[in-house]
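**Student:** Return a 3D structure for these sequence lines:
(one chain, ligands or ions: 1)
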Amino acid sequence: MRKTQTFGPFLGACLMLFIVLLLSSTAEAPPPKFKFTKKVDTIVQSKCYGCHSEKGRGQKAKDKLMWDDLAGLSTADRVKKMELIQAVVEKGAMPPKRMVERKPELKLTDKETKALKRWAKKHAKAK
Ligand code: HEC
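**Tutor:** Sure, this is the predicted structure:
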């Protein structure tokens, strides 16, 4: 009997604390992180990142698209970027032609184009 008297309130308090923590953690949890699939990440790192990240030297490319910032954008803004990515990949406009002429290894292969396009399309529809 004595045991329940001591442990009852204690367990009750623990349960309350647990519930409070659970509720506050879900309330404060950041929205689901935007993620590159491994395949897409590899493509992006090797073919796009050189210009569309802090590494890039040209401001124009950075103004248009910063890969590392995608995750932090509002959904609406990200959807817009995804539409742009889908469009440039579909047109074969990226990496820029001039760059591909100088560095043919930067050209997206058919497989990479397909993977990137599918991924961008999927995320362009996200709500
Ligand atoms: C050699 C540098 C370079 C590389 C590599 C590169 N880009 Fe770009 N990208 C640019 C520049 C410069 C612009 C801005 C063009 C402009 O404003 O005329 C741009 C613009 C864009 C835009 C915006 C287009 C628009 O219509 O506003 C998208 C989307 C984009 N790039 C995606 C990509 C993707 C995807 C890759 C990889 C497959 C890539 N880029 C690789 C330089 C690069």
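
**Student:** Residue 17: which element?
**Tutor:** Element membership of residue 17, judged by DSSP states H and E, is helix 2-28.

**Student:** Pull the residues that contact the helix or strand that contains residue 45.
**Tutor:** For residue 45, the host element (DSSP H and E) is helix 38-47. Contacts to helix 38-47, defined as CB atoms under 8 Å, 6 or more residues apart in numbering, come from residues 36, 67, 95, 106, 108, 112, 115-116, 119. (C-beta placed from N, C-alpha, C; glycine too.)

**Student:** ok, now stretch 119-127?
**Tutor:** Residues lying outside stretch 119-127 but in contact with it, judged by CB under 8 Å, 6+ apart, are 34, 36-37, 39-40, 75, 78-79, 82-83, 85-86, 89.

**Student:** And the chain, what are its domain boundaries?
**Tutor:** Domain assignment for the chain, taken from automatic domain parsing, gives 1-30, 38-124.

**Student:** can you give me the mean pLDDT across the last one?
**Tutor:** It stands for domain 38-124. Mean pLDDT, taken over the full extent of domain 38-124, equals 94.

**Student:** Tell me the span between the first and last residue of it.
**Tutor:** 18 Å (CA to CA, to the nearest Å).

**Student:** just how off-centre is it within its chain?
**Tutor:** Counting by CA atoms, centre = their mean, to the nearest Å, domain 38-124 is centred 12 Å from the centre of its parent chain.

**Student:** can you list the residues of the protein near the ligand?
**Tutor:** Residues of the chain that fall close to the ligand, judged by CB under 6 Å from any ligand atom: 47-48, 50-52, 58, 60-61, 64-65, 84-85, 88-89, 94-96, 99, 106, 108.

**Student:** Could you pick out the buried ones from those?
**Tutor:** With neighbours counted by 16 or more other CB atoms under 10 Å, the residues of the chain next to the ligand contain buried members at 47-48, 50-52, 61, 65, 85, 88-89, 94-95, 106, 108.

**Student:** Spatially, what comes nearest to residue 115 if we skip its sequence neighbours?
**Tutor:** Here the nearest residue to residue 115 in space, its sequence neighbours aside, is residue 39; by CB to CB, 6 or more residues apart in numbering that works out to 5.3 Å.

**Student:** The one you found: neighbouring residues, count only.
**Tutor:** Applying the criterion other CB atoms under 10 Å, we find 14 residues in the vicinity of residue 39.
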